[in-house]
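Enquirer: Just the structure for this:
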Amino acid sequence: MKPGDAKAHFCHQQGLTFVELMIAMLIAAVIAVAVGYSIAHLFNMNTRNSNYMIAVRQVQSAGYWVTRDAEMARPELTSTTVPGKLLSLSWYDTDNTTITHSADFTLDKGVLYRRYDSGDKSAIASHIAATIDQVATDENGHIVSFVFNVTASVTTRGITGNESRDYKVTLRPGAQ
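Expert: As a prediction, the model looks like this:
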């Protein structure tokens, strides 16, 4: 084929054929579906990770406050007849002669509240289920340790993030 013949050949072409157009549309559709799936997957993973991190922070917050107060305290587990009451703690000031501080933990509709020294209650964690287990006492019947079980479950757009932890809490010696 001579160089002039190629020019003449392309001059008579008027555009894309129907088959070429359909193939181009099919390729574009496959690319669009792949990009759309990737974006949807990215949003779902972001939501899942976000829910998981919220659950982790809620569990850590609940564990921090219960552990912090219990390590200072002389705990008295409350009666199970009080709805939502999880734990009551009291502790002596540094002179060890008078009770000067107390903290009550209550669980209401998945929210863990802390009331310090009979003041206002503060929400310290949400999306929570919590229990106190494995209570250990000394020979005098004083509580020396317990396990605080806490679980958080956060759901958004049908995607759930869960976190569970067990905090073994040992009271400070001589706190009873």
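Enquirer: Now do Val33 against Ile27, distance only.
Expert: 11 Å (C-beta to C-beta, to the nearest Å). Where you see a C-beta, it was placed from the backbone N, CA and C, and this is true even at glycine.
Enquirer: overlap in contacts of those two?
Expert: Between them, Val33 and Ile27 share no contacting residue under C-beta atoms under 8 Å, 6 or more residues apart in numbering.
Enquirer: pLDDT on stretch 140-149, on average?
Expert: Stretch 140-149 shows a mean pLDDT of 83.
Enquirer: Now find how far off-centre it is within its chain.
Expert: Put simply, stretch 140-149 sits 26 Å off its chain's centre (C-alpha atoms, centre = their mean, to the nearest Å).
Enquirer: so where's the longest strand in this protein?
Expert: Assignment by DSSP state E gives strand 143-156 as the longest strand of the chain.
Enquirer: buried ones in that strand?
Expert: Buried residues in strand 143-156, counted by 16 or more other C-beta atoms under 10 Å: 143-144, 146, 148-154.
Enquirer: For those residues, work out which two are farthest apart.
Expert: Greatest spatial distance among the buried residues of strand 143-156 (C-beta to C-beta): Val144 and Val154, at 33.9 Å.
Enquirer: For the top helix by length along the chain, which helices and strands make contact with it?
Expert: Secondary structure of the chain read by DSSP state H shows that its longest helix is helix 18-72. Where contact means 3 or more C-beta pairs under 8 Å, 6 or more residues apart in numbering; DSSP states H and E, helix 18-72 is packed against strand 85-92, strand 99-108, strand 111-116, strand 121-125, strand 128-137, strand 143-156, strand 159-170.
Enquirer: can we see that at 6 Å?
Expert: Secondary-structure packing of helix 18-72 (3 or more C-beta pairs under 6 Å, 6 or more residues apart in numbering; DSSP states H and E): strand 85-92, strand 121-125, strand 143-156, strand 159-170.
Enquirer: Give the partner strands of the last one in its sheet and their orientations.
Expert: Paired with strand 159-170 in the same sheet, following DSSP bridges, are strand 143-156 (antiparallel).
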